[in-house]
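# Coordinates only, no sequence provided:
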């Protein structure tokens, strides 16, 4: 599965690339130029670490794997602000067993405003339109209520405990 730019009502979803991960490792200014969007000073969002970015680069440079399909989430200009703003990221990961999992993270200042729900719905529309997967999984912590609500609003159903201790797994079928 290959990511291409997606769009929703309020968001542009721009594919994560080796160049963007490399820019993100160096400085926000370079990432801002690549994405043509403002990058807030508190970027990256929770759960996105330098190690994660290096893993992404490894997956994106291995043409035999094609296990990552991810996007930067950019809040479109509303006409009052001069530039779009990078608010989060997320995408799909193909596990070793062939299952597809979605993950996402949003800057704290943009949480609880429906952006993640909108972006996850847009990504689900994309993955189900590709026909490669009939089921998508997600894992989160039950105390991360906003994350659980994103999944519920997009039609995910609880599927028991996740792989990591204390997590719960959800799924949605086409």
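The structure has been received and is ready for your questions. Owing to the predicted nature of the structure, the values given are computational and were not obtained by experimental measurement.

# Which residue, other than its chain neighbours, is closest to residue 100?
Among residues not flanking residue 100 along the chain, residue 133 sits closest, at 4.3 Å (Cβ to Cβ, 6 or more residues apart in numbering). In short, each C-beta sits where N, CA and C put it, glycine included.

# what kind of secondary structure is the one you found in?
Secondary structure state of residue 133, per DSSP: H, G, I helix; E, B strand; the rest coil, is coil.

# what's around the nearest residue to residue 16 once chain neighbours are set aside, how many residues?
Once flanking residues are discounted, residue 16 sits nearest to residue 70: 4.1 Å by Cβ to Cβ, 6+ apart. When neighbours are counted by other Cβ atoms under 10 Å, residue 70 registers 24.

# List the buried residues for the one helix or strand residue 70 maps to?
Here residue 70, judged by DSSP states H and E, is contained in strand 68-75. Using 16 or more other Cβ atoms under 10 Å as the test for burial, strand 68-75 gives 68-75.

# quick check, distance from whatever helix or strand comes next after that strand to the centre of its chain.
Per DSSP H and E, strand 68-75 leads on to strand 85-94 as the next helix or strand towards the C-terminus. In terms of Cα atoms, centre = their mean, to the nearest Å, the centre of strand 85-94 is set 2 Å apart from its chain centre.

# before we move on, back to that, partner strands of the strand holding residue 70, with direction?
strand 11-15 (antiparallel), strand 85-94 (antiparallel) (DSSP bridges).

# Which of those strands sits closest to residue 163?
strand 85-94 (12.6 Å; Cβ to Cβ).

# Toward the C-terminus from that closest one, list the very next helix or strand.
Next in line after strand 85-94, if elements are assigned by DSSP H and E, sits strand 100-106.

# Determine the set of other helices and strands touching that next one.
Contact partners of strand 100-106 among helices and strands, from 3 or more Cβ pairs under 8 Å, 6 or more residues apart in numbering; DSSP states H and E: strand 85-94, helix 115-130, strand 135-140.

# Contacts for it, please.
Strand 100-106 is contacted by residues 44-48, 73, 87-95, 115-116, 119-120, 123-124, 127, 132-133, 135-139, 147, 150 when judged by Cβ atoms under 8 Å, 6 or more residues apart in numbering.

# which of those residues are buried?
44-45, 48, 73, 87-94, 115-116, 119-120, 123-124, 127, 133, 136-139, 147, 150.
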